[in-house]
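Peer 1: Next one to model:
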Amino acid sequence: MVALFGPIGPELPIVIIALGLNILVLVGVLGGLGYFLLRIRSGGSVSDRLNRIERKIGS
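Peer 2: Presented below is the predicted three-dimensional model:
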């Protein structure tokens, strides 16, 4: 068990945990935005995208 008390102060571990969670949320949001940006830029319906991928693989 990690003690929340130390020479630096009891709030430091809480700040570190909160900062880590904020970074994880930021990475998730940026990843989701990147995914949707790629989906929008690829254009077309799902079947069109699958046909393009199949043509690339087949050639």
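
Peer 1: name the element Y35 belongs to?
Peer 2: helix 12-42 (DSSP states H and E).

Peer 1: model confidence over that helix, on average?
Peer 2: The average of the pLDDT scores along helix 12-42 is 92.

Peer 1: Beyond it, next helix or strand please.
Peer 2: With secondary structure assigned by DSSP H and E, helix 12-42 is succeeded by helix 46-58.

Peer 1: Tell me which residues are up against that next one.
Peer 2: S42, G44 (C-beta atoms under 8 Å, 6 or more residues apart in numbering). The way it works is simple: take the backbone N, C-alpha and C, and place the C-beta from them, glycine included.

Peer 1: what's the angle between that helix and helix 12-42?
Peer 2: Computed with axes from the mean of the first three to the mean of the last three C-alpha atoms, to 10 degrees, the direction of helix 46-58 lies at 90 degrees from that of helix 12-42.

Peer 1: and helix 46-58, what's its mean pLDDT?
Peer 2: Here the average pLDDT along helix 46-58 is 87.

Peer 1: centre of the chain versus stretch 12-27, how much separation?
Peer 2: 14 Å (C-alpha atoms, centre = their mean, to the nearest Å).

Peer 1: what does stretch 48-59 give?
Peer 2: 27 Å.

Peer 1: same check, this time on stretch 21-29
Peer 2: 7 Å.

Peer 1: Which parts of that stretch count as buried, going by neighbours?
Peer 2: Neighbour counts over stretch 21-29 (16 or more other C-beta atoms under 10 Å) mark no residue as buried.
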